[in-house]
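J.: Provided below for reference: sequence and predicted model.
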Amino acid sequence: MQAMGAIGSRHVLVTGGTGLVGSHLARRLTEAGHRVTLLVRPTSDRSRLAGFESRLEWVSGDLRDAASVQAAVRQADPELVYHLASTALNQGHAGPRDHVETIVLGTQHLLEALKDRPGLRIVAAGSAAEYGSGTGVREDQLLRPSTVLGAAKAAAFHLLQAYAQTTGLQPVTLRLFTPYGPGEHPRRLIPYVIVSALAKQEVALTSGEQERDFVYIEDVVDALLAATSPSVAGGSVFNIGSGQGTRVRDVVERVLGLMGNPVQARFGAVPTRADEIVRMSADITAAQAQLGWSPRVPLEEGLRRSIAWFVQRRQPTEAVAGR
């Protein structure tokens with residue numbers, strides 16, 4: 001939080017503020033004394049910010065609609081922007097058009113609305129999916145996405161870089177690997193295993209041989225805050241992960257082990273998606289050197305915290321998982 005605190009209170013606009021990353025960021029920013037406005041669709045689920053809504057400002061808009069984004073930006077008049085809005089890769093409700101409209105057109109609409117604000121810092125959430133499959137990937141690696149979401153994220157990244165050249169905007173992109181932690185959607189891997197185990201229901205999975213780089217949500221927020229430092233050059237891009245890949249199978253077994261193995265995982269019960277990314281882990285040297293950031297929460301500790309959070313909210317999460 002040093003970077004934000006060092007330059008005093010600011011008015012911050014956040015897109016995607018009701019998501020996992022955005023909701024944790026919004027709380028941290030507000031608690032540090034910043035004025036935070038969330039750009040949200042009227043239908044956005046605000047449950048992650050339950051009990052905290054009154055401390056935030058809300059402006060209605062849809063990134064897919066240029067006019068509403070222009071109006072929202074005029075109303076918010078931000079000094080700093082976090083662009084975190086995105087679709088999800090594997091929750092079953094976003095198709096190719098959704099990815100392109102939300103991620104690519106949404107980014108272009110936001111940049112158009114901000115283009116007359118040279119020097120404005122935009123911290124954008126990119127994705128490891130931009131690289132395709134790879135182990136220990138570096139930021140200068142050629143982008144070869146194998147999913148539509150990854151391709152859309154790569155296109156949005158190039159739009160940010162292009163607008164930086166022509167307008168003087170100062171984007172910084174953080175390519176997030178696999179954030180997890182309290183508040184994560186129950187249909188994602190770790191919450192799905194926890195909620196299923198609590199309900200004594202079968203945990204049906206793919207082979208689990210995929211490798212992912214899991215990074216705890218509070219570590220992600222620390223990186224987002226560090227990216228506001230004036231010492232970080234506009235146009236910079238950083239990988240945000242643990243720096244180590246872990247097999248999905250191993251994570252599932254660790255979660256169940258921490259819970260006393262109440263159920264068994266059925267690996268191979270679910271077919272592997274055609275666009276599955278097999279290997280995904282980050283080289284985080286650049287973030288360590290230039291952001292002064294390193295992940296602080298080990299996987300085991302992060303899993304314990306996630307389990308505890310879902311245990312405390314067992315009935316609500318079971319209701320969500322059943323929808």
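T.: Yep, it's here.
J.: got the residue ranges for the helices in the stretch 101-250 of the chain?
T.: 106-114, 148-167, 189-198, 217-226, 248-258 (DSSP state H, counting those that start in this stretch).
J.: okay, these in JSON lines with mean neighbour count next?
T.: Using the backbone N, CA and C atoms, a C-beta is placed for each residue, glycine as well. Listed next are the helices of the stretch 101-250 of the chain as JSON lines, based on neighbours: other Cβ atoms under 10 Å:
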{"stretch": "helix 106-114", "mean neighbour count": "23"}
{"stretch": "helix 148-167", "mean neighbour count": "20"}
{"stretch": "helix 189-198", "mean neighbour count": "23"}
{"stretch": "helix 217-226", "mean neighbour count": "22"}
{"stretch": "helix 248-258", "mean neighbour count": "18"}
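J.: and the closest residue to residue 264 other than its chain neighbours, bridged to which residues?
T.: Nearest-residue entry for residue 264: residue 203, 7.2 Å, with adjacent residues in sequence omitted and distances by Cβ to Cβ, 6 or more residues apart in numbering. On the basis of DSSP bridges, residue 203 is bridged to residue 265.
J.: Could I get the helices of the stretch 101-250 of the chain in JSON lines, plus columns for distance to residue 52?
T.: Output for the helices of the stretch 101-250 of the chain, formatted as JSON lines (distance: least, Cβ to Cβ, whole Å):
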{"stretch": "helix 106-114", "distance to residue 52": "24"}
{"stretch": "helix 148-167", "distance to residue 52": "28"}
{"stretch": "helix 189-198", "distance to residue 52": "20"}
{"stretch": "helix 217-226", "distance to residue 52": "15"}
{"stretch": "helix 248-258", "distance to residue 52": "28"}
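J.: out of the ones you listed, nearest to residue 237?
T.: helix 148-167 (7.2 Å; Cβ to Cβ).
J.: these two touch, right, residue 235 and residue 163?
T.: No: contact criterion Cβ atoms under 8 Å: residue 235 and residue 163 do not qualify, at 10.4 Å.
J.: Domain map for the protein?
T.: According to automatic domain parsing, the chain comprises the domains 2-179+216-240, 181-213+245-276+298-321.
J.: Which one of the ones you listed lies nearest to residue 283?
T.: Once these are compared by Cβ to Cβ, domain 2-179+216-240 is nearest, at 4.6 Å.
J.: still on that earlier bit, among the domains of the chain, which is nearest residue 282?
T.: Between residue 282 and those, the tightest spacing by Cβ to Cβ is seen for domain 2-179+216-240, at 3.9 Å.
J.: average pLDDT across that closest one?
T.: The pLDDT scores in domain 2-179+216-240 average 94.
J.: do the same with stretch 292-312
T.: In this model, stretch 292-312 carries a mean pLDDT of 97.
J.: Can you dump the C-alpha atoms of it in PDB for me?
T.: As requested, the backbone C-alpha atoms of stretch 292-312 are provided in PDB (Å, rounded to 0.1, in the frame of the first residue of the first chain):
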ATOM      1  CA  GLY A 292       9.100  -4.600  -5.200                       C
ATOM      2  CA  TRP A 293       6.500  -7.300  -5.000                       C
ATOM      3  CA  SER A 294       6.600 -10.900  -4.100                       C
ATOM      4  CA  PRO A 295       3.800 -13.300  -3.000                       C
ATOM      5  CA  ARG A 296       3.700 -13.700   0.800                       C
ATOM      6  CA  VAL A 297       0.900 -16.300   1.300                       C
ATOM      7  CA  PRO A 298       2.100 -19.900   0.600                       C
ATOM      8  CA  LEU A 299      -0.400 -22.200  -1.100                       C
ATOM      9  CA  GLU A 300      -1.100 -24.300   2.000                       C
ATOM     10  CA  GLU A 301      -1.900 -21.200   4.100                       C
ATOM     11  CA  GLY A 302      -4.100 -19.800   1.300                       C
ATOM     12  CA  LEU A 303      -6.000 -23.000   1.000                       C
ATOM     13  CA  ARG A 304      -6.600 -23.000   4.800                       C
ATOM     14  CA  ARG A 305      -7.900 -19.500   4.700                       C
ATOM     15  CA  SER A 306     -10.200 -20.400   1.700                       C
ATOM     16  CA  ILE A 307     -11.500 -23.400   3.500                       C
ATOM     17  CA  ALA A 308     -12.200 -21.400   6.700                       C
ATOM     18  CA  TRP A 309     -14.100 -18.700   4.700                       C
ATOM     19  CA  PHE A 310     -16.300 -21.200   2.900                       C
ATOM     20  CA  VAL A 311     -17.000 -23.200   6.200                       C
ATOM     21  CA  GLN A 312     -18.200 -19.900   7.800                       C
END
